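Asker: no sequence on hand, only this structure:
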């Protein structure tokens with residue numbers, strides 16, 4: 001029996017290889033909680049936009065990223081060559097957005113093959129080969145309800161405003177049991193209504209103010225504050241750098257953007273840097289200034305551009321979206 005496994009990235013693929021999984025394994029590497037994810041007519045058209053963003057955001061070769069996405073999409077298009085397709089994904093935001101995209105694909109495909117899903121509530125890449133094998137008992141057929149729900153949410157995610165997606169938080173998402181918590185975490189990284197900080201940034205500057213950790217320790221400390229870790233280190237540095245390299249910096253101590261560093265010595269210097277709050281940072285933390293007002297914000301939530309004039313916010317007390325209009 002020929003099987004295709006689709007999972008969340010190369011680290012999980014490595015564990016599956018060590019565990020001796022007898023299948024073709026396709027890593028889904030896209031960081032869908034960063035950058036534009038607009039409505040497009042097909043998978044390949046969206047991949048062009050995503051590849052350009054990832055290459056620019058993380059200073060990676062455009063051709064390399066684009067070729068990787070093209071090969072990924074070609075493999076997925078050949079799903080009918082397989083007797084069995086199994087999706088392996090975790091509970092966190094990174095994985096749940098990938099799961100939406102893949103289930104949306106299978107929902108769109110006429111006569112698509114039967115698909116199985118393993119939904120883990122722990123991190124696949126951190127499992128031993130033996131433990132990973134034991135998770136096979138979680139495998140269940142993907143239902144039509146799950147495909148339809150995923151397609152509906154993924155469509156809402158890609159709209160030019162987040163209003164429809166926010167409404168999904170108040171609907172029945174039980175068919176995808178980890179989705180509601182993941183979407184709430186997505187909204188929490190909008191600028192909040194008090195400080196203009198995302199939840200990640202608020203956690204960062206709180207730790208910096210209290211403990212003064214360098215980036216290499218700040219990353220682990222802030223990750224430990226998450227209910228479900230979803231952010232990789234490169235995304236984390238981008239989030240930190242929005243506060244460091246801006247009109248009115250909130251933190252100081254970094255000399256350059258991590259993705260532009262070319263030497264090992266400079267990389268070590270970045271990770272060991274002494275990061276402190278500026279006066280602006282202390283004012284924002286105290287609620288006396290607003291990061292989204294004194295600085296330039298340029299982010300995306302799916303298809304919604306979060307920037308000057310269109311700063312959608314998240315009211316964390318009310319767990320509610322706030323419109324800029």
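Answerer: Everything's here; your move. No experiment lies behind these values; they were computed from the predicted model shown. Numbers count the residues shown, from 1 in each chain.
Asker: for this structure, give me the ranges with low pLDDT.
Answerer: Counting by pLDDT under 70, the low-confidence segments of the chain come to 110-112.
Asker: ok, and the closest non-adjacent residue to residue 101?
Answerer: For residue 101, ignoring the flanking residues on the chain, the nearest one in space by Cβ to Cβ, 6 or more residues apart in numbering is residue 154 at 6.1 Å. Backbone N, C-alpha and C define where each C-beta goes, glycine included.
Asker: what helix or strand does that neighbour sit in?
Answerer: Using DSSP states H and E, the secondary-structure element containing residue 154 is helix 144-157.
Asker: which strands or helices does that helix pack on?
Answerer: Of the remaining helices and strands, those touching helix 144-157 by 3 or more Cβ pairs under 8 Å, 6 or more residues apart in numbering; DSSP states H and E are helix 93-108, helix 163-168, helix 179-188.
Asker: run the last query once more with 10 Å
Answerer: Using 3 or more Cβ pairs under 10 Å, 6 or more residues apart in numbering; DSSP states H and E as the contact criterion, the secondary-structure elements in contact with helix 144-157 are helix 93-108, strand 115-119, helix 163-168, helix 179-188.
Asker: between these, which one is closest to residue 216.
Answerer: Among the helices and strands packed on helix 144-157, the nearest to residue 216 by Cβ to Cβ is helix 93-108 (21.0 Å).
Asker: helix/strand/coil for the nearest residue to residue 75 once chain neighbours are set aside?
Answerer: Counting by Cβ to Cβ, 6+ apart, residue 75 lies nearest to residue 26, which is 5.3 Å off, once chain neighbours are set aside. Under the three-state scheme (DSSP: H, G, I helix; E, B strand; the rest coil), the conformation of residue 26 reads as strand.
Asker: I'd say residue 26 and residue 7 touch.
Answerer: Yes. Distance between residue 26 and residue 7: 7.4 Å, which falls inside the contact criterion (Cβ atoms under 10 Å).
Asker: isn't residue 230 right up against residue 33?
Answerer: Yes. A contact is recorded between residue 230 and residue 33 when judged using Cβ under 10 Å, the distance being 6.9 Å.
Asker: now do the shared contacts for these two.
Answerer: Common contact partners of residue 230 and residue 33 (Cβ atoms under 10 Å, 6 or more residues apart in numbering): 92-94, 96-97, 182, 185-186, 189.
Asker: and the two most separated of these?
Answerer: Checking the shared contacts of residue 230 and residue 33 against each other with Cβ to Cβ, the farthest-apart pair comes out as 96 and 189, at 13.9 Å.
Asker: perfect, that will be all.
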